[in-house]
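Trainee: fold the following for me, if possible:
(chains A and B)
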Amino acid sequence: MKLTRRAFIGTTAAASLSAPLVNAGGHGRPKAVIIGGGAGGATAARYIAKDSKGEIDVTLVEPSRQYYTCFFSNLYLGGFRSMDSIGHSYGTLASEYGINVVHDWAVGIDRGAKTVTLAGGSTLNYDRLILSPGIDFIDGSVPGWDVSSQNAMPHAYKAGSQTELLKRQIESMPQGGVYAMVAPPNPYRCPPGPYERVSMVAHLLKEINPTAKILIADPKPKFSKQGLFEEGWQKHYGGMIERIGPDFGGDNVSVDAGAMTVTIDGSVEKVDVCNVIPAMKAGRICEIAGITEGNWAPVSAHTMQSRIDENIHVLGDASAQGDMPKSGFSANSQAKVAAMAVRGALTGSKVFPAKFSNTCWSLVDTDDGIKVGATYKATDEKIAKVDGFVSKTGEDAALRKATYEESIGWYAGITSDMFG
Amino acid sequence: MKTLLSMAATVLFGVYASVAVAGDPEKGGKVFKKCKACHAVGDGAKNKVGPQLNNIVGNAAGAVEGYKYSKALAAQADAGLIWDEAALSEFLKKPKAYMPGTKMSFSGLKKESDRENVIAYLATFSDTDTLAAVAADEREVTLSDATLSIEGDVAYGEYLASDCQTCHQVSGASDGGVPAIVGWPRVEFVYAMHAYKQKVRPNPVMQMMAGGLGDEEIAALAAYFEGLE
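Mentor: The predicted structure is shown next:
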């Protein structure tokens, strides 16, 4: 069965599945299908629809009706944001931009026939396909943990119910208890993410459980903004946080979700909360499509086209593109380059040279924000870094507060850039 | 320039100022540095991102010629708002709380003494007799006529602007520390971007973004954003 249902302009995404079966004009329009409605996919869908002014038929496939952003979900753990304030619907993309929003899972891709199969049984045709599925976890990367353990030992690395579960567990810790984090190896989504999370968990514990401890088992010798985080941890949470790097066995970790233990280099620790962030790979649909090499999907920096299939573009976390970190900001930036390339290919519109940028803000404690950023260009080999900056240790309180306030402005900006 | 301004302000305050206020204009001149990116004051001051501020203290709100005010300010001006010391102080404390919908992207002056001083400074420019004595503020950077006269390509600006819109909302709304940039006069946009590019303005994100742009690209962005409502 071919999927022909589409949202009436003016209806909400929530209503789109029950909308009547109509094909509102545009017979024979070229079709762009986007899989994944996060920072990459939602932005790409919006820019293609907006800039092609109806010349391209845009379908966005995303299982969730309400999308919770990974960025700022750590601030929910720290009590700085509500879960509602990081939730977004696809209503405006459907009603204002005429995007056909389909809430379903993509389960198959036939690259020869240029079709996508959905879990509900429908098939979508595409002229260009954009995959922006984010990450999946690598089975067995933390011995003792698999997705069936995620209720006992949450990853909370896809925002929403997992994040809420982790917060409830932290709030239920006994006084003086232990929160453990098994940090991921490189490369992974949001390089400052685990360390901002530790900061936010420490902020929460300082208020409700000041004698509690935080234990990080980390397979990496160093991490993003390390000096800035460690300075902040010392200043705000002195003595609460201990990080065990690979030199002390942080790369030799297993867990037991039944016994609630973490074993680091043979030494067994009983813990009260265990936040396991396993090793990552491209979202599974990339493997299904057969466009991965190793764990990720390699792309051309000029257009974000797959190196294996020029009719497919891959955005954000799932792509192997070069120097950009796997962040929401990066995915949003890459989406604009891909959207321009897709329009150019399908309608002949002008294509300008690719340009990329990224900034990652992190909150260490109340009004103590830090940031790191860079600009990038496309080379034949990869997305290559041009210029960058990072906050400095010892900055004054006013600058740190301004940095945090800037991140609030960015959050409002990027979410309106994604969801309209 | 700074010395000249503050000296002049001190002298003028004692001799001419017709608007009686409590603060120290010399200290206010330093506080005003925070305002200078968007506001000019003094002889020949012109509207920038914000209106010029000659004769602001003690006068009717929304009265500067040639400046396009927000709907919020225009409505209050119609209702008879006068920028006396009390009203200015409340506004400057937290502009968006005092006047929801204001175009002024400024978080506010928390300290009462800062507000008193900056109002005292502005009051020295609120007596027409004194205006000629002080030169209008100079630009942060010097740009050649060639740079200033580039006719920006709006279509190219629209593409480049997608990079800006990750933080700056295309609707003109603003949150937190990221200002609205739609509808700015073209020349103000060009000066602001070059000030970041030359690292005269401090924000590292903007220094980096502007640093990657050539004169043509800045002109294209300026043309695009000027045309947005």
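Trainee: CA only for contacts and neighbour counts going forward, please
Mentor: OK.
Trainee: where does chain B have low pLDDT?
Mentor: Residue ranges of chain B with pLDDT under 70: B:1-20, B:127-138.
Trainee: now the strands for it?
Mentor: When assigned using DSSP state E, chain B turns out to have no strands.
Trainee: tell me the contacts of the residue most central in space within it?
Mentor: Closest residue to the average C-alpha location of chain B: residue B:38 at 1.7 Å, with CA atoms, centre = their mean. By CA atoms under 8 Å, 6 or more residues apart in numbering or on different chains, the contact set of residue B:38 is B:48-51.
Trainee: nearest to chain A among those?
Mentor: residue B:49 (19.1 Å; CA to the nearest CA).
Trainee: how many other residues sit next to residue 114?
Mentor: Went with chain A since none was named. Residues lying near residue A:114 (other CA atoms under 10 Å in any protein chain shown) number 15.
Trainee: switch to chain B, that's the one I care about
Mentor: Neighbours around residue B:114, by other CA under 10 Å: 21.
Trainee: could you do residue B:80 as well?
Mentor: Residue B:80 sits with 12 neighbouring residues when counted by other CA under 10 Å.
Trainee: which residue is the nearest non-sequential neighbour of it?
Mentor: Spatially, and ignoring its direct neighbours in sequence, residue B:80 is nearest to residue B:60 (7.1 Å; CA to CA, 6 or more residues apart in numbering or on different chains).
Trainee: turn the contacts of residue B:38 into JSON lines, including distance to residue A:74 and neighbour count.
Mentor: Below are these laid out as JSON lines (distance: CA to CA, whole Å; neighbours: other CA atoms under 10 Å in any protein chain shown):
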{"residue": "B:48", "distance to residue A:74": "39", "neighbour count": "19"}
{"residue": "B:49", "distance to residue A:74": "36", "neighbour count": "23"}
{"residue": "B:50", "distance to residue A:74": "37", "neighbour count": "22"}
{"residue": "B:51", "distance to residue A:74": "40", "neighbour count": "22"}
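Trainee: what residues does chain B have near chain A?
Mentor: Contact residues, chain B versus chain A (CA under 8 Å from any CA of the partner chain): B:156, B:159, B:162-163, B:165-169, B:174-179, B:204-205, B:208-209, B:212.
Trainee: okay, and residue A:361 sits in which element?
Mentor: Assigned by DSSP states H and E, residue A:361 belongs to strand A:355-365.
Trainee: can you list contacts of that strand?
Mentor: Residues from elsewhere that reach strand A:355-365, judged by CA under 8 Å, 6+ apart: A:75, A:192-193, A:196, A:199-200, A:203, A:229, A:232-233, A:236, A:324, A:327, A:329-330, A:333-334, A:337, A:369-378, A:403-404, A:407, B:163, B:205, B:209.
Trainee: could you redo the last one with a cut-off of 7 Å?
Mentor: Under the contact criterion CA atoms under 7 Å, 6 or more residues apart in numbering or on different chains, strand A:355-365 has outside partners A:192, A:196, A:199-200, A:203, A:229, A:232, A:329-330, A:333-334, A:369-378, A:404, A:407.
Trainee: among those residues, name the ones in strands.
Mentor: Using DSSP E, the contacts of strand A:355-365 in strands are A:369-378.
Trainee: about what we covered before: of the contacts of strand A:355-365, which ones also sit close to chain B?
Mentor: Restricting the contacts of strand A:355-365 to those near chain B by CA under 7 Å from any CA of the partner chain leaves A:333, A:373.
Trainee: who in chain A is up against chain B?
Mentor: For chain A, the contact set with chain B under CA under 7 Å from any CA comprises A:333, A:373, A:387-389, A:402, A:405-406, A:408-410, A:412-414, A:417.
Trainee: which among those residues count as buried?
Mentor: If you count burial by 16 or more other CA atoms under 10 Å in any protein chain shown, the buried members of those come out as A:333, A:373, A:388, A:402, A:405-406, A:408-410, A:412-414, A:417.
Trainee: could you dump those to JSON lines with pLDDT?
Mentor: Shown next, in JSON lines, are these (pLDDT from 0 to 100):
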{"residue": "A:333", "pLDDT": "98"}
{"residue": "A:373", "pLDDT": "97"}
{"residue": "A:388", "pLDDT": "96"}
{"residue": "A:402", "pLDDT": "95"}
{"residue": "A:405", "pLDDT": "96"}
{"residue": "A:406", "pLDDT": "96"}
{"residue": "A:408", "pLDDT": "97"}
{"residue": "A:409", "pLDDT": "96"}
{"residue": "A:410", "pLDDT": "98"}
{"residue": "A:412", "pLDDT": "97"}
{"residue": "A:413", "pLDDT": "97"}
{"residue": "A:414", "pLDDT": "98"}
{"residue": "A:417", "pLDDT": "98"}
